[in-house]
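J.: I would like to see how this sequence folds:
(2 chains)
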Number of protein chains: 2
Amino acid sequence: MGAPTVKGRARREQILYAAQTAFASRGYRGASIAAIAEDVGLSEPGLLHYFPSKGALLLETLEFHHRRTKEEAFGGAGSFADHLVSLASNHERDPGFIRLLLVLAAESTDPEHPAHDWFVARYERVRIGMERQFAADLGAGLLRENLDPAHVARQAIAMLDGLELQFLLTGGSLDIVTPLRAWLEPLYR
Amino acid sequence: MGAPTVKGRARREQILYAAQTAFASRGYRGASIAAIAEDVGLSEPGLLHYFPSKGALLLETLEFHHRRTKEEAFGGAGSFADHLVSLASNHERDPGFIRLLLVLAAESTDPEHPAHDWFVARYERVRIGMERQFAADLGAGLLRENLDPAHVARQAIAMLDGLELQFLLTGGSLDIVTPLRAWLEPLYR
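T.: So this is what the prediction gives:
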C-alpha cells in the first residue's frame, strides 16, 4: 500500500473524533463500532479498513487526542503552577477530551481492560514529569521548602482528575480553575 | 406479598455484592444481568424477581453499598481532617466499593446515564456536608483562617476521588492516605 492520501488522513481524523464522543459517553464496552461508522457515513467493514478492531480504535483514539492536546505542553516561563492553571483552563474548553480520559481511566482500573497498560504508563509518566517540575520550582526557591515534590505531584494529578469529575457532573457549573488555584497559591512563596 | 423472609433478604444481599463486582469491572452497559444471576446461582427471571430491571439493580447496588459504608460516618471527636484520613484508610481496605463509585461516577457524567441524578445529588450533598464540617473546624480555630471552607470541601472530594483512581490503577502500590495527610496537615494549625 502507498502512503496515506490527504483524503485518507482526513477520514481517519473524522473517525477519531466520532470515536472520542462514543467512548466518552458509553465507555469501551458500551460503544459500538457500527454506530461510530454510521456517524461518519461508513459501513462497519469500511471503518475496520482504517482500524482493525475496537481495541485498536480505542488506543489510537487515546493517542490521537493526547497528542492533539499536547501542543500546549509545558515549556514556557513562570512556575509549574501557572502551567497547571492554564492546563485546567484548556480542559474546561474541551469537555469531550477530559470525559474520554476520565471514563476510560476509571474503566481501566480493571487489569483486563484493553487500555489498562496505556493508562498505567500514562499516569506513571505524568507523575514522574510533574515531580520533576515541582522539584525544579523547589530548587528555584519558588515552592515552599517544607513540601515534598513527590506528594505534590500525586496531589496535583488527583486534584485535576477530581475537579474535572465535579465539572463534568455539574455540566460545567462548578469550575476547575478556582479551587485548583486556591490549592496551588499557598504552596508557593 | 408478605414481608421479606430472612432467606429472601440474604439472597438480595448476595445479588447486591455480585452486582457491585460486575458494575465496577464492566460498567453499567458492559455488565450483564444474566452473568450476575449466574454468579449467584439464579436464572435471569429469578434475579428479575428481586430487581425489576438493570437500572433498578444499579441504583439499589449504589444505595446498598453507600449505606453499608456509612456505618463509619463522621460524628466522633477530633478534626474533620482526622475523619477524612480514617475514611481514606477504610477505602483502601474496600477497593471493590471505591471502584464501583469511581467507574459509575465517571460514566454518569453522561446526563442520559441511569445513575446521573443519583451521582449529581450525592456529590452535591457531600460537598455541602464537607463545607459545613470545614467551617466548623474554622470556627473552632483548628483550620487556618485564610482558608475558604467551600474551596477546601471541593478540594477534599477531588483529592479522595483522584488518589483513589491512582490507588486502583496501580493495584494498590500507590496509597491514598500518605498524600492525603500531606495535603491536610498544613491546612490545620
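J.: Now do A:Glu44: how many residues are near it, please.
T.: 13 (other Cβ atoms under 10 Å in any protein chain shown). Every C-beta, even on glycine, is put in place using the N, C-alpha and C of the backbone.
J.: Same question for A:Ser53.
T.: If you count neighbours by other Cβ under 10 Å, A:Ser53 ends up with 11.
J.: With the one 5 residues further on instead?
T.: In terms of burial, A:Leu58 registers 23 neighbours under the definition other Cβ under 10 Å.
J.: Name the helix or strand for A:Trp118, please.
T.: Following DSSP states H and E, one finds A:Trp118 within helix A:116-139.
J.: what's next to the helix or strand hosting A:Leu101, contact-wise?
T.: A:Leu101 is located in helix A:95-107, with elements delineated by DSSP H and E. Helix A:95-107 is contacted by residues A:20-21, A:23-25, A:27-29, A:58, A:61-62, A:65, A:69, A:91, A:113, A:115, A:119, A:123, A:161, A:164-165, A:167-168, A:172, B:27, B:102-103, B:105-107, B:109, B:165, B:169 when judged by Cβ atoms under 8 Å, 6 or more residues apart in numbering or on different chains.
J.: Which of the residues you listed are buried? Put it as a PyMOL command.
T.: Typed into PyMOL, the line below selects the buried ones among these, using 16 or more other Cβ atoms under 10 Å in any protein chain shown:
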select buried, (chain A and resi 20+21+23+24+25+27+28+29+58+61+62+65+69+91+113+115+119+123+161+164+165+167+168) or (chain B and resi 27+102+103+105+106+107+109+165+169)
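J.: In helices only, show me the contacts of helix A:95-107.
T.: Residues of those located in helices (DSSP state H): A:20-21, A:23-25, A:27-29, A:58, A:61-62, A:65, A:69, A:91, A:119, A:123, A:161, A:164-165, A:167-168, B:27, B:102-103, B:105-107, B:165, B:169.
J.: Listing request: residues of chain A with sub-threshold pLDDT.
T.: Chain A contains residues with pLDDT under 70 at A:1-3, A:71-77.
J.: tell me the domain ranges of it?
T.: With domains defined by automatic domain parsing, chain A comprises A:6-62, A:72-187.
J.: Tell me which of those approaches B:Gly139 most closely.
T.: domain A:72-187 (19.4 Å; Cβ to Cβ).
J.: how far out from the middle of the chain is that closest one?
T.: 10 Å (Cα atoms, centre = their mean, to the nearest Å).
J.: Over to stretch A:39-47?
T.: 26 Å.
J.: try stretch A:24-34
T.: That offset, for stretch A:24-34, works out to 17 Å (Cα atoms, centre = their mean).
J.: about what we covered before: specify the angle between the helix holding A:Leu101 and helix A:116-139 in degrees.
T.: 110 degrees (axes from the mean of the first three to the mean of the last three Cα atoms, to 10 degrees).
J.: Near A:Asp175, how many other residues are there?
T.: 17.
J.: From A:Arg127, how far off is the most centrally placed residue in chain A?
T.: The residue lying closest to the centre of chain A (Cα atoms, centre = their mean) is A:Leu101, at 4.6 Å. Here the criterion is Cβ to Cβ, to the nearest Å. By it, A:Leu101 lies 15 Å from A:Arg127.
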